[in-house]
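Undergrad: my questions concern the predicted model and sequence given below.
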Amino acid sequence: MQLEPLRTTPVFLLCDGRACLLSHNFAESLPTEMSVKIFGELDAESLCSASSTCKLWHHIIEDNEQLWRRQCLLVRAVCQREVDSDRKDGLSWKLVLVRNYTRSCLKRDWLIGRYSNIMSADELRDSKMVPLDAETWGEILQAELDR
């Protein structure tokens, strides 16, 4: 996939009573720290999409542990053991997120009862399933017993 520069209409700001032209790409005009703050408002899926917008955005997003840490902490709320273990093994926040995002979605769905009335494996065909450890299955079974 070739990354192309973002093509947008120019943005004008009012500066001291006169119009000032901003670059076509906000990240070219702003300090990197400000761009990181803007990208920090995105969810994980949007962050990945933004990363493929242009080379500059890709560089800012891919190299920023702060952005990936924020997303990973949301996943950690569901998969604390897995995230903590991966971090202890020295994996980057982005890699930890990639490894645990699908697992956290599946685990959350099980814990909230989305699969409580499943009668056979055939009913799970359209769902993305990933392996879960014994402790996670214990949590899921306890949640089912509590329902």
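TA: Arrived safely, thanks for sending.
Undergrad: from here on, contacts and neighbour counts on C-alpha atoms
TA: Noted.
Undergrad: quick one: contacts of the helix or strand encompassing Cys72?
TA: Using DSSP states H and E, the element containing Cys72 is helix 65-76. Helix 65-76 is contacted from outside by 36, 39-40, 43-44, 61, 82-84, 92-94, 96-97, 100-101, 104, using CA atoms under 8 Å, 6 or more residues apart in numbering.
Undergrad: measure the closest residue to Ser92 other than its chain neighbours to Val98 for me?
TA: Computed as CA to CA, 6 or more residues apart in numbering, the closest residue to Ser92 that is not its neighbour in sequence is Glu65, at 7.4 Å. Distance, Glu65 to Val98, using CA to CA, to the nearest Å: 13 Å.
Undergrad: of these two, who's got more company?
TA: Val98 (15 against 12; other CA atoms under 10 Å).
Undergrad: alpha carbons only: can I get the helix or strand hosting the more buried one in PDB?
TA: Per DSSP H and E: Val98 is located in helix 93-111. Taking Å, rounded to 0.1, in the frame of the first residue of the first chain, the C-alpha atoms of helix 93-111 are listed here in PDB:
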ATOM      1  CA  TRP A  93       2.100  -0.900  23.600                       C
ATOM      2  CA  LYS A  94       1.000  -1.200  19.900                       C
ATOM      3  CA  LEU A  95       2.000  -4.900  19.700                       C
ATOM      4  CA  VAL A  96       0.200  -5.600  23.000                       C
ATOM      5  CA  LEU A  97      -2.900  -3.900  21.600                       C
ATOM      6  CA  VAL A  98      -2.800  -5.900  18.400                       C
ATOM      7  CA  ARG A  99      -2.300  -9.200  20.400                       C
ATOM      8  CA  ASN A 100      -5.100  -8.500  22.800                       C
ATOM      9  CA  TYR A 101      -7.800  -6.400  21.100                       C
ATOM     10  CA  THR A 102      -9.800  -9.300  19.600                       C
ATOM     11  CA  ARG A 103      -9.400 -11.300  22.800                       C
ATOM     12  CA  SER A 104     -10.800  -8.400  24.900                       C
ATOM     13  CA  CYS A 105     -13.800  -8.000  22.600                       C
ATOM     14  CA  LEU A 106     -14.600 -11.700  22.700                       C
ATOM     15  CA  LYS A 107     -14.100 -11.900  26.500                       C
ATOM     16  CA  ARG A 108     -16.300  -8.800  27.100                       C
ATOM     17  CA  ASP A 109     -19.000 -10.300  24.900                       C
ATOM     18  CA  TRP A 110     -18.900 -13.600  26.900                       C
ATOM     19  CA  LEU A 111     -18.900 -11.700  30.200                       C
END
